[in-house]
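# Return atomic coordinates for the entry below.
(one chain, ligands or ions: 1)
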Amino acid sequence: MAPFDAGRLLLFLFMPLFFAAVDPSVDASTQVCVIGAGIGGASFAYFLKQYSCSSVNSPCLSEIHLFERRSIVGGRTAIVTISGDTFEAGASILHPKNFHAVRFASLLGLRPKLKSSEFKPDSNASDSSASSSWFGIWDGSSFLFKTKPPPPASSSAIYRKICSFINAIIIFRRYGFSLLRMNRFVNKMLESFLLYYEGFESRPVFDTVEEMLKWSGLYGITRRTLKEELLDAGVSSLLLSELVTVITRINYGQDINISGLAGAVSLAGSDDGMWSVDGGNWQLAAGLINYSNVTLHLKEEVTSVSYAEGHNYVLSTKEGIQYHCGITVIATPLDELNITFTPPFSIPSRRLQHTFTTFVRGFLNPKYFGLNHVSEIPNLIGTVEVPEVPFSSISILKKYGKEDMVYKIFSRKIMQDRLLDEIFSLRIETVRIDWPAYPHFEAPEVFSPIILDGKHLYYINSFENAASTIETSAVASENVARLIISRLSDEHQNMANKKFNAADGDLFHLDL
Ligand SMILES: Cc1cc2nc3c(=O)[nH]c(=O)nc-3n(C[C@H](O)[C@H](O)[C@H](O)COP(=O)(O)OP(=O)(O)OC[C@H]3O[C@@H](n4cnc5c(N)ncnc54)[C@H](O)[C@@H]3O)c2cc1C
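Numbers count the residues shown, from 1 in each chain. From the prediction side, this is the model:
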């Protein structure tokens, strides 16, 4: 017979009182409310369902309410439709070592599609790497650097491989061993990041982002700029001012003074083997929400969160409904939101980088680039940091014909019609999106707390100042799910111990 464990018995006796799911209109001490149905909120719901009730001591939090102000889920993973074809409008690429995303896709039966990064566009035409590595660096008046255009689609695989190899040599001739040093820096970051997939025995639960980053050895590079880190790593100023600048402008709309970790993540986005979910990355969030069997409140915008001592959080929506929740999790950046918190708390102010994403069907004007024919314009035009360049990048997403393509433009300011009419000879369709895209990364980074009020109000996106990606959202969400389970277990264990100490005579009697 197992030895008598009074604490555990009491835990069981009291569990229904503290952990039972409750109706929103009545008491709701253990209902979990999540604000935001992007990948952060969706993966949080998934992890919480996985970890709750997973062992004798872990609480059972089965009721999760997920609030989304829009009519669709996915947040910054979204698609746009141009002339009947869909394209990623927000987060478009995943790294092969984004292991949560890899696992989610497999669990949900989603098909991964090998994809070149923004930095290596034109994956659509199922071209070889030779085609996708045709890029040029534009400084507003001329191309500082260009790789060779791809061979015709009819050419042999060997010939295409040779062309790709020649391009690699051309790039190496310009930037030399600095490329290897840059790769070493990125790989070191990736190795540290992989620690977040370690098992629970060796991986602690973290109360703060700082602790989380210090544990993996990544905190230091959030304190310094990417430029400082790469110069110390021996990277040449030519590579910094051209290729590295091009990549940070494409992936985060910012220059090489962004903080080191965000910069390293951005550079990792130009690795080989990048992928996306066939049909759209938004399906990761949608699939996880379905899988986790949460109650989804679409078109319900949370406008206030109030906490009354000894009670619960009361979430009020713009639609005039109130929900009572024992635990509230914020899965969206608070920086540009108007949610009132009572009692109030303060978090470090953070500027979001707005990225304007403009999709154009038509074709570029070669004259704008000092060229004679559209076929001379590289598949990807990256740009350097000079004020007169009005966009960060232009890339081809799909080719319908020699003078009929879909392009994606990233810029820091809106692309007005007048400007687009200079850049394009023909525009059949234009779609513009203004994304409050990611933090404006600034070293040394300062992080908001994960536990905002010392109680049960949690903030997943405090991790976003380290780096903003689908995978980092999932990693941050997993930690918050574990943190909640761990804190509740501790609270209830303490409560059980108190009860036991106060009434051990009764308990003994009960056991008899
Ligand atoms: C243009 C662009 C390109 C990017 N490229 C990549 C990439 O290639 N790869 C990559 O990994 N990452 C990329 N990212 C970053 C990535 O998209 C984000 O880091 C990630 O999607 C953030 O997910 P999230 O769930 O934390 O936030 P979000 O996706 O922003 O989700 C938050 C959700 O909360 C909802 N919400 C907000 N306020 C309320 C409220 N009051 N009540 C109810 N609901 C509310 C919002 O509508 C939204 O749906 C890119 C981002 C942008 C904008």
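# low-scoring stretches of the stretch 401-512 of the chain, by residue?
For the stretch 401-512 of the chain, residues meeting the criterion pLDDT under 70 lie at 499-512.
# ok, 50 please
By pLDDT under 50, the low-scoring segments of the stretch 401-512 of the chain are 505-512.
# Likewise for the stretch 51-200 of the chain?
Residues of the stretch 51-200 of the chain that meet the criterion pLDDT under 50 lie in 117-131.
# and it, which of its residues are near the ligand?
Residues of the stretch 51-200 of the chain found near the ligand (CB under 6 Å from any ligand atom) are 67, 68, 69, 70, 75, 76, 77, 90, 91, 92, 93, 94. No exception for glycine: its C-beta is placed from N, CA and C like everyone else's.
# How far does stretch 200-220 stretch from one end to the other?
24 Å (CA to CA, to the nearest Å).
# before we move on, the earlier item: can you tell me which two in the residues of the stretch 51-200 of the chain next to the ligand are farthest apart?
Taking CB to CB, the two most distant members of these are 67 and 93; they sit 28.2 Å apart.
# Pull up the gap between whichever residue of the stretch 201-350 of the chain sits closest to the ligand and residue 70, please.
Using CB to the nearest ligand atom, the closest approach of the stretch 201-350 of the chain to the ligand is made by residue 332 at 3.5 Å. With distances taken as CB to CB, to the nearest Å, residue 332 is found 11 Å from residue 70.
# Ok, residue 149 next?
Counting by CB to CB - residue 149 and residue 70 are separated by 41 Å.
# returning to that earlier point: more neighbours: residue 332 and residue 70, which one.
Neighbour count, other CB atoms under 10 Å: between residue 332 and residue 70, residue 332 has more, with 25 against 15.
# How about the secondary structure of the more buried one?
Here residue 332 is recorded as coil under DSSP: H, G, I helix; E, B strand; the rest coil.
# Contact partners for it?
Applying CB atoms under 8 Å, 6 or more residues apart in numbering to residue 332 gives the contacts 35, 36, 38, 40, 41, 75, 461.
# Residue 465 is in contact with residue 443, isn't it?
No: if you go by CB atoms under 8 Å, residue 465 and residue 443 don't touch, sitting 10.4 Å apart.
# and this structure, which of its residues are near the ligand?
Residues of the chain lying near the ligand by CB under 6 Å from any ligand atom: 35-41, 67-70, 75-77, 90-94, 301-302, 331-332, 337, 339, 355, 357, 435, 437-438, 461, 468-471, 473.
# 5 Å instead?
Residues of the chain lying near the ligand by CB under 5 Å from any ligand atom: 35-36, 38-40, 67-70, 75-76, 90-93, 301-302, 332, 355, 435, 437, 468-470, 473.
# Can you turn the buried part of the residues you listed into a PyMOL selection?
The command below creates a PyMOL selection of those among those that count as buried (16 or more other CB atoms under 10 Å):
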select buried, resi 35+36+38+39+40+67+68+69+75+76+90+91+92+93+301+302+332+355+435+437+468+469+470+473
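# Just the ones of the residues of the chain next to the ligand in helices?
Mapping the residues of the chain next to the ligand onto helices (DSSP state H) picks out 39, 40, 470, 473.
# Of those residues, which pair is most distant in space?
Within these, two members stand farthest from each other by CB to CB: 40 and 470, at 9.1 Å.
# what's near enough to touch residue 359?
Residues near residue 359 by CB under 8 Å, 6+ apart: 80, 82, 87, 89, 397, 406-409, 429-432.
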